[in-house]
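*Asks:* 3D model of this:
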Amino acid sequence: MELLEYQAKQLFRQVGIPTLPSQVISDARELKQLQIPYPVVLKSQVSSGGRGKVGGIKSVQNTIDAIAAARNIFNLAIAGQYPEVILAEAQYRSEQEIFLAVVLDYELQRPVLIGSAFGDTNVDVNTLLANLHQVVIEGSFSPFYARHLLHKMGVSGELVISLSQIIQKMYELLLAKDLELIEINPLGIGQNGELMALGGKVLAHNTALRKHADIAKFGDRSMSDSPRKMTATGPLFWKHDVTGGKIGIICVGVGAAALIWDTIHDQKGHPACCWILGPYDQSSMFVPQELETQMMAILEQVKSLPQVDVLLLNLVADDEINQQILQHLATYIKQPSPVINRAPMGHQTTVTIPTVSESTFPEVVVRCLPTIENTFDSSLYWETELSDAISRAIALSKQRNVRA
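*Replies:* As a prediction, this is how the structure comes out:
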């Protein structure tokens, strides 16, 4: 379940993460009794990104303007959702804005710290995601992990200490409340180095609903019977802005995407783009209709990206979802490419691939957990270890490039 921003910030305040003075508004007329001095920012409370770009966030200078703006926001559907409440929040002037997140990675079975020096919900998603850095927490948390992440982000000086404290509080909140994701975007840095969580996102596991009364209370409101119509959109996509990228990534979750992207770079490979599969509504399950729509959109888009020589699929979702993804892929490819020696990386010494003229669709490397049986030997490269899949994709991209 994805909490709304105002709910996430309530949790932030519990652990001492600084937030701005705010007030939740359920009717535009309540702004006549607003307890926050103007100017204020009005934010639509829906579980969807990109609110500012479509008019869901407005800065207002007085009560008259606030009431008019609030009425417009209440009647504005964003990704098919109408807000039940609006968050009225004090304005804040940042000198710099960054992105921070802590996510529970089910594949690694470890929390992962994620950060980018490019924050703000209005920053181009390509810029944000292409500059993501990640650090996997092995064992107990140590400030070293936070400092390591900040170093990769290019942060230095006194900010390292204060930002490390924020990261540690995010980590402790994730564990204490049985959460799956805590994200601050943006985290504002003021002129004197003060920090402020200007945006917040929290994903809660079902365990949190059972164990924590405050999280369960949020769930009751999030699942109220007010009508909300969802509209379909494609998968989250970002494209590398540096020429020479050859590998396209398909995976589930931003954390996995950042991990694979960084690992390819570390091994001297060249990612070209990444598609992230997932439900349109983060509070719901990934349904077959959404999966089919997203996979078809990805495979059609691949045809417009001739620089992509290799597709790397990281399939670690439920077995049923993994099977559906593979079936969509096999159906789309239709005819297997004439490729010799598709054995796993540990069972061969060379990789033989067809010439470009023999195959117009990219080579496909599938990393899938052993619970899924490989029935696509003739058309896909198959690996059970992520490191082997990445090595395979890089090797294929380099050999394909030579033949081109």
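
*Asks:* which strand or helix spans residue 115?
*Replies:* If you go by DSSP states H and E, residue 115 is part of strand 110-116.

*Asks:* flag the shaky bits of the stretch 301-404 of the chain, pLDDT-wise.
*Replies:* Within the stretch 301-404 of the chain, the stretches with pLDDT under 70 are 317-318, 334-359, 371-379, 400-404.

*Asks:* so where do the helices sit in it?
*Replies:* Per DSSP state H, counting those that start in this stretch, the stretch 301-404 of the chain carries helices over the ranges 319-333, 386-403.

*Asks:* one step back: the strand holding residue 115 - contacts with which helices or strands?
*Replies:* strand 96-105, strand 133-136, helix 143-153, helix 159-176, helix 254-266 (3 or more Cβ pairs under 8 Å, 6 or more residues apart in numbering; DSSP states H and E). (C-beta placed from N, C-alpha, C; glycine too.)

*Asks:* now the ones you listed in CSV, with mean pLDDT and distance to residue 195?
*Replies:* Formatted as CSV, the helices and strands packed on strand 110-116 follow (pLDDT from 0 to 100; distance: least, Cβ to Cβ, whole Å):
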stretch, mean pLDDT, distance to residue 195
strand 96-105, 92, 10
strand 133-136, 92, 19
helix 143-153, 96, 13
helix 159-176, 96, 6
helix 254-266, 78, 22
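
*Asks:* wait, which of those is closest to residue 206?
*Replies:* Shortest distance between residue 206 and those, using Cβ to Cβ, is found for strand 96-105: 13.1 Å.

*Asks:* what packs against the closest one?
*Replies:* Using 3+ Cβ pairs under 8 Å, 6+ apart, strand 96-105 sits against strand 110-116, helix 159-176, strand 179-189, helix 254-266.

*Asks:* pull out the buried residues from the strand holding residue 115.
*Replies:* The neighbour-count check on strand 110-116 (16 or more other Cβ atoms under 10 Å) flags 111-116 as buried.

*Asks:* swap in stretch 253-269?
*Replies:* 253-264, 269.

*Asks:* list just the nearest of those residues to residue 37.
*Replies:* residue 254 (36.3 Å).

*Asks:* quick one on the thing from earlier: looking at the helices and strands packed on strand 110-116, which is buried most?
*Replies:* Mean neighbour count (mean count of other Cβ atoms under 10 Å) peaks for strand 96-105 among the helices and strands packed on strand 110-116, with a mean of 22.

*Asks:* quick check: residue 38 is in a strand.
*Replies:* No. Secondary structure of residue 38 (DSSP: H, G, I helix; E, B strand; the rest coil): coil, not part of a strand.

*Asks:* for it, give me its contacts.
*Replies:* By Cβ atoms under 8 Å, 6 or more residues apart in numbering, the contact set of residue 38 is 60-63, 66.

*Asks:* quick check: of these, which lies closest to residue 131?
*Replies:* residue 60 (32.3 Å).

*Asks:* quick one: that closest one and residue 52, what's the gap?
*Replies:* Using Cβ to Cβ, to the nearest Å, residue 60 is found at 14 Å from residue 52.

*Asks:* quick one, which of these two is more surrounded?
*Replies:* residue 60 (20 against 16; other Cβ atoms under 10 Å).

*Asks:* my guess is the more buried one meets residue 42, correct?
*Replies:* Yes. Contact between residue 60 and residue 42 holds when scored by Cβ atoms under 8 Å: they sit 6.2 Å apart.

*Asks:* and residue 201, which of the helices and strands packed on strand 110-116 is closest to it?
*Replies:* Closest approach to residue 201 among those is made by strand 96-105 (8.1 Å; Cβ to Cβ).

*Asks:* mind listing what's buried in stretch 82-92?
*Replies:* 82-90.

*Asks:* I misspoke; the intended subject was stretch 387-404.
*Replies:* Buried residues in stretch 387-404, counted by 16+ other Cβ under 10 Å: 388-400.

*Asks:* overlap in contacts of residue 60 and residue 42?
*Replies:* Residues touching both residue 60 and residue 42 (Cβ under 8 Å, 6+ apart): 66, 69.

*Asks:* all strands of the stretch 251-400 of the chain, in order?
*Replies:* Per DSSP state E, counting those that start in this stretch, the stretch 251-400 of the chain carries strands over the ranges 271-277, 310-315, 363-368, 381-383.

*Asks:* for the last one, the distance to its chain's centre please.
*Replies:* To tie it back to what came earlier, the one meant is strand 381-383. Here the centre of strand 381-383 is set off from its chain's centre by 25 Å, with Cα atoms, centre = their mean, to the nearest Å.

*Asks:* list the neighbouring strands of it plus their orientation.
*Replies:* Partners of strand 381-383 in the sheet, by DSSP bridges, are strand 363-368 (parallel).

*Asks:* buried ones in the strand it pairs with?
*Replies:* Across strand 363-368, burial judged by 16+ other Cβ under 10 Å covers 363-368.

*Asks:* could I get the buried residues of stretch 253-269 as TSV with distance to residue 46?
*Replies:* Listed next are those as TSV, based on distance: Cβ to Cβ, whole Å:
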residue	distance to residue 46
253	21
254	19
255	23
256	25
257	23
258	25
259	29
260	29
261	28
262	31
263	34
264	34
269	38
